[in-house]
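A.B. asks: below are the sequence and a predicted model; questions follow.
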Amino acid sequence: METIDLLKKNLLFKGCTHEDFELLSGLFVERKVSANTTIFSEKMPGEALYIIKSGEIRISLMAGEGEEVGLLQLGPGDFFGEIALLQESSRAVTARSETAAEVIMLSRKDFLALLDLDPRVAAKVTLSIARLLAMRVKAYSTKLREHLLS
């Protein structure tokens with residue numbers, strides 16, 4: 001699947017025009033990931049947003065003494081690492097490939113350049129990220145509550 005087609009199907013880019021997709025697709029870089037590879041781990045600097053082209057990625061966090069809690073299992077079309085675009089901070093979770101995978105990534109540096117290049121497109125993406133982050137916070141809170149109560 002071409003990058004532009006993947007972007008068109010992703011909720012992060014809802015409301016974008018064909019011209020917006022042309023601009024955005026040029027900012028993403030493809031990366032192949034072997035099975036059982038850590039893409040990023042908790043406390044690493046957040047540097048990019050990832051969208052899965054193929055394969056499966058597991059999102060988890062450490063809850064205590066070496067106990068890993070799975071939060072999400074993601075597949076083609078799903079995205080992760082979005083906080084890195086909005087805030088320069090360390091990762092709150094770990095992302096690991098369960099299978100061989102292909103992802104496209106948008107670096108924070110390139111997203112910040114988009115703010116100067118086309119603020120309208122950057123605003124659309126930022127608003128979508130904010131909405132989707134709110135949904136994920138609810139999902140994570142539910143998972144954490146279930147874990148603590150079990």
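C.D. replies: Looks like it arrived, so ask away.

A.B. asks: every contact and neighbour count from this point should use C-alpha atoms.
C.D. replies: Will do.

A.B. asks: strands along the protein, start to end?
C.D. replies: 29-33, 38-40, 48-54, 57-62, 68-74, 79-80, 94-97, 101-107 (DSSP state E).

A.B. asks: of the ones you listed, which is nearest Glu146?
C.D. replies: strand 68-74 (10.8 Å; C-alpha to C-alpha).

A.B. asks: in the longest helix along the chain, which residues are buried?
C.D. replies: Longest helix of the chain, by residue count under DSSP state H: helix 119-149. For helix 119-149, a neighbour-count test (16 or more other C-alpha atoms under 10 Å) marks 121-122, 124-126, 128-129, 143-144 as buried.

A.B. asks: just want the angle from that helix to strand 68-74.
C.D. replies: 140 degrees (axes from the mean of the first three to the mean of the last three C-alpha atoms, to 10 degrees).

A.B. asks: ok, the residue nearest to Pro45 when sequence neighbours are not counted - contacts?
C.D. replies: Closest residue to Pro45 apart from its sequence neighbours, by C-alpha to C-alpha, 6 or more residues apart in numbering: Ser90 at 4.2 Å. Taking C-alpha atoms under 8 Å, 6 or more residues apart in numbering, we find Ser90 in contact with 42-46.
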